[in-house]
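# give me coordinates for this.
(one chain, ligands or ions: 1)
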Amino acid sequence: MSTDKYKSVTAIYPGSFDPVTNGHLDLIARGAMIFDRLIVAVAQNMDKDPLFAPAERVEMIEAATFDWKNVEADLFEGLLMDFARTRGASVILRGIRAVSDYEYELQMAMMNRKIEPQIETVFMLPGEAYSYLSSRLVKELARFKGLPKGLVPPVVEERLRAKFG
Ligand code: ADP
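As a prediction, this is how the structure comes out:
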């Protein structure tokens, strides 16, 4: 039987992940189930005023995804499609929480398709419990010590506590 009928699919899940939330992890778990390899890619050049340094964001993702053997985390700079090509990825994974995410995501996916037609963007929906969750909200609440339990992994909770008390 020819083995080239079965190809292994690498997907990239890009974002700022400042910091990673349980909503991101919900998507990572779903992605890890259907793709052979999932690379969570932390963008170094997106946010001008991040709370966590890019390397620290990668560390937190690594700690939170330790049990998923086909998931890894890495940094990327510059064009996402260049990073995807060098990693041999054929899929970009993105999450859609609500209609408000759609317009921006559509624009990005279409532009990325124009840059590299061989790479497909796949959208997944998080569990309902995470549909309102964003890194921005997590940071705002943590700053005022009002972050409810269960929205971020323990490693992020610890580091937020170290920053804000
Ligand atoms: P970006 O700055 O690129 O939007 P984020 O780190 O905020 O990066 O998000 C990365 C990806 O994860 C985006 O596709 C975003 O829509 C998705 N995402 C963010 N929060 C959630 C969540 N709670 N549930 C599902 N997907 C999410």
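
# got the contact list for Ala63?
Ala63 is in contact with 153, 155, counting by CB atoms under 8 Å, 6 or more residues apart in numbering. Heads up, the C-betas are built off the backbone N, CA and C, glycines and all.

# helix or strand: which one has it?
helix 54-64 (DSSP states H and E).

# mind listing what's buried in that helix?
Buried residues in helix 54-64, counted by 16 or more other CB atoms under 10 Å: 54, 57-58, 60-64.

# want to throw those residues into a markdown table with distance to Glu77?
Below are these laid out as a markdown table (distance: CB to CB, whole Å):
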| residue | distance to Glu77 |
| --- | --- |
| Pro54 | 9 |
| Arg57 | 13 |
| Val58 | 13 |
| Met60 | 19 |
| Ile61 | 17 |
| Glu62 | 19 |
| Ala63 | 22 |
| Ala64 | 23 |
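
# and which of those residues is nearest the ligand?
Arg57 (8.9 Å; CB to the nearest ligand atom).

# does the helix holding Ala63 reach the ligand?
No - Helix 54-64 does not reach the ligand (CB under 6 Å from any ligand atom); its nearest approach is 8.9 Å.

# what angle sits between the helix or strand just after that helix and helix 54-64?
Of the helices and strands lying after helix 54-64 in sequence (DSSP H and E), the nearest is strand 71-76. Orientation of strand 71-76 against helix 54-64 (axes from the mean of the first three to the mean of the last three CA atoms, to 10 degrees) gives an angle of 180 degrees.

# spell out which residues of the protein are next to the ligand.
15-17, 21, 23-24, 27, 46, 94-95, 97, 101, 126, 130, 133-135.

# quick one: buried ones out of the residues you listed?
The buried subset of the residues of the chain next to the ligand - by 16+ other CB under 10 Å - is 15-17, 21, 23-24, 27, 94-95, 97, 126, 130, 133, 135.

# the residues you listed in helices, which ones?
23-24, 27, 135 (DSSP state H).

# now, which of those residues sits nearest Gln118?
Nearest to Gln118 out of those is Leu27 (CB to CB; 22.9 Å).

# quick one: average pLDDT of the helix holding Ala63?
Computed over helix 54-64, the mean pLDDT rounds to 97.

# could you report the neighbour count for Lys139?
18 (other CB atoms under 10 Å).

# now stretch 148-165: buried residues?
151-153, 155-157, 159-160.

# which of those fall in helices?
155-157, 159-160.
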